[in-house]
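1. Quick one: sequence plus predicted model below, questions after.
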Amino acid sequence: MDLTLSPAEEAFRDELRTWLEANNPGREPAGDEAAFEFRRAWQRKLNDAGWAGVSWPKEYGGRGATLVEQAIFNEEVVRARTPSVANVLALAMGGPTVIAHGTEEQKRRFLPPILSADEIWCQGFSEPGAGSDLASLKTRAVRHGDEWVVTGQKVWTTFAHHAKWCMLVARTDPEAPKHKGLTYFLMDMEQDAVQVRPLRQITGESEFNELFIEEARIPHENIVGAEGEGWAVAITTLMHERATLAFGLQVSVQIALRELIESARSARGMDGAVATEDPVIRQRLAQLLIESEVLRLNAYRGLSAIMRSGVPGPEGSLGKWHWSEVNQSLTELAMEIAGPRAMLSDSEANWTYRFLRARANSIEGGTTEILKNIVAERVLGLPRMR
């Protein structure tokens, strides 16, 4: 594809850059609740200016941005080092899924409070025995009149402790093949039948949670798509999750790599030598630079595929897989360069935290093993492994 921006795309980028420069609120405060409210206020400011659902259709409160403009947006917000938004899963996954599969009533009910961050969403897919093999999930939904009664357990549910709604996939037909008996629900989290238990991470944070669901009630009208078609709807959610993700990720890698190079130029080893004088360190930095450029170009390759087909495809798995490996390699090298000080977390770059948090990169959003299978089977056309 032609990587040169058109005049309209340049104008979009310049408008966004100007707005971000004038409105970026800076770093988040410490503490989960304070940081969350900070992100909520930031999303509301974005929404007031028409930037929250930048790629959503205008009739649903978005800006109607093209795929290229969405990629530009993802790059620029990372480059400006803006905070994350509070409703990240709903903006990137839940809203687009409702737009693609929901009824007009669902769109009118659910989309506006997603944009304004008045109602936060979480994703109830993974289970203790059904993470990578999502279709093996055991959470059960049984219909009683105009309601569904749901019982089961979900795990690794990001931001569930803040969420009003859960994108829940449950088994509604235990006799059907495992991919066919699933239904996609929107479950109200604010009921006694849903218990949220935080999972403490190695970083000390608890952004992930377990959900224990004991006869929770979901109105029949909260099914997205058709009964028994939950697998297809869930695939839409996952494809949107990875569609233009690589654009923001590749910029974050470039920023982190520049920071690492600066750290290496000032770091000294036990012998007093500067880290960048070590030929092995220089080679590893060079390799990371090459990998970051490959990540950027593959992001555009994936965008080209979406522009041809009109819908997100399996190519998005490649960017997430590659980024997780590059980011983990980068943070590992940062810790080696830091030497004994790597045990501390008192530097502005805070490589210790970033190294620990990067451990999850190859698990969250699809494990590396599963993403490799998707790329092999659905992008390269190789035989299925089983």
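-> Okay, I see it.
2. For the stretch 1-150 of the chain, just list every one of the helices.
-> 7-23, 32-48, 67-79, 88-89, 95-101, 104-115 (DSSP state H, counting those that start in this stretch).
3. so where is the chain shaky, pLDDT-wise?
-> Applying pLDDT under 70 to the chain flags residues 1-3, 132, 240-247, 269-272, 307-315, 344-349, 385-386.
4. Can you check which strand is longest in it?
-> For the chain, the longest strand by residue count, based on DSSP state E, is strand 208-219.
5. returning to what we had before: among the helices of the stretch 1-150 of the chain, which is nearest residue 298?
-> Closest approach to residue 298 among the helices of the stretch 1-150 of the chain is made by helix 67-79 (12.5 Å; CB to CB). (C-beta placed from N, C-alpha, C; glycine too.)
6. Which secondary structure elements does that closest one sit against?
-> helix 7-23, helix 245-266, helix 279-309 (3 or more CB pairs under 8 Å, 6 or more residues apart in numbering; DSSP states H and E).
7. still on that earlier bit, turn the helices of the stretch 1-150 of the chain into CSV, including mean neighbour count and distance to residue 227.
-> As requested, the helices of the stretch 1-150 of the chain are arranged in CSV below (neighbours: other CB atoms under 10 Å; distance: least, CB to CB, whole Å):
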stretch, mean neighbour count, distance to residue 227
helix 7-23, 13, 41
helix 32-48, 17, 33
helix 67-79, 20, 32
helix 88-89, 20, 24
helix 95-101, 22, 12
helix 104-115, 17, 15
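8. Take the helices and strands packed on helix 67-79 and write them to JSON lines, including distance to residue 367.
-> Shown next, in JSON lines, are the helices and strands packed on helix 67-79 (distance: least, CB to CB, whole Å):
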{"stretch": "helix 7-23", "distance to residue 367": "33"}
{"stretch": "helix 245-266", "distance to residue 367": "15"}
{"stretch": "helix 279-309", "distance to residue 367": "19"}
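9. Can you say which of the ones you listed is packed in most?
-> helix 245-266 (a mean of 19; mean count of other CB atoms under 10 Å).
10. related to what we said a few turns ago, out of the helices of the stretch 1-150 of the chain, which is closest to residue 336?
-> Nearest of these (CB to CB): helix 67-79, 25.3 Å.
11. Show me the contact partners of that closest one.
-> 5, 9, 12-13, 16-17, 20, 51, 54-55, 63, 65, 244-245, 247-252, 255, 299-300, 303, 306-307 (CB atoms under 8 Å, 6 or more residues apart in numbering).
12. in the stretch 101-250 of the chain, which spans are strands?
-> Counting by DSSP state E, counting those that start in this stretch, the stretch 101-250 of the chain has strands at residues 121-124, 140-144, 147-154, 165-171, 182-188, 194-199, 208-219.
13. Reformat the ones you listed as TSV; add distance to residue 359 and mean neighbour count.
-> TSV is the format used below for the strands of the stretch 101-250 of the chain (distance: least, CB to CB, whole Å; neighbours: other CB atoms under 10 Å):
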stretch	distance to residue 359	mean neighbour count
strand 121-124	20	27
strand 140-144	33	16
strand 147-154	21	21
strand 165-171	25	26
strand 182-188	30	25
strand 194-199	14	16
strand 208-219	13	19
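14. Of all those, which one comes closest to residue 228?
-> Closest among the strands of the stretch 101-250 of the chain, using CB to CB: strand 182-188, at 6.1 Å.
15. packing partners for that closest one?
-> By 3+ CB pairs under 8 Å, 6+ apart, strand 182-188 packs against strand 147-154, strand 165-171, strand 208-219, helix 230-242.
16. Now do the longest one: which elements does it pack against?
-> It stands for helix 230-242. helix 95-101, strand 165-171, strand 182-188, helix 316-338.
17. Alpha carbons only: can I get the very next helix or strand once past the longest one in PDB?
-> Towards the C-terminus, the helix or strand next in line after helix 316-338, according to DSSP states H and E, is helix 351-358. Taking C-alpha atoms only, helix 351-358 is exported to PDB below (Å, rounded to 0.1, in the frame of the first residue of the first chain):
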ATOM      1  CA  TRP A 351      11.800  -0.600  34.000                       C
ATOM      2  CA  THR A 352      11.200  -3.000  36.900                       C
ATOM      3  CA  TYR A 353       7.400  -2.500  36.700                       C
ATOM      4  CA  ARG A 354       7.400  -2.700  32.900                       C
ATOM      5  CA  PHE A 355       9.400  -5.900  32.900                       C
ATOM      6  CA  LEU A 356       7.000  -7.500  35.400                       C
ATOM      7  CA  ARG A 357       3.900  -6.300  33.500                       C
ATOM      8  CA  ALA A 358       5.300  -7.500  30.200                       C
END
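18. packing partners for the helix or strand just after helix 351-358?
-> Next helix or strand after helix 351-358 toward the C-terminus (DSSP H and E): helix 368-374. Applying 3+ CB pairs under 8 Å, 6+ apart, we find helix 368-374 packed against helix 316-338.
19. Each with direction, which strands does the longest strand of the chain pair with?
-> Taking DSSP bridges as the criterion, strand 208-219 forms sheet pairs with strand 147-154 (antiparallel), strand 194-199 (antiparallel).
20. Looking at those strands, which is nearest to residue 225?
-> Comparing those under CB to CB, the one sitting nearest is strand 147-154, at 14.1 Å.
21. Return the distance of the closest one from the chain's centre.
-> 25 Å (CA atoms, centre = their mean, to the nearest Å).
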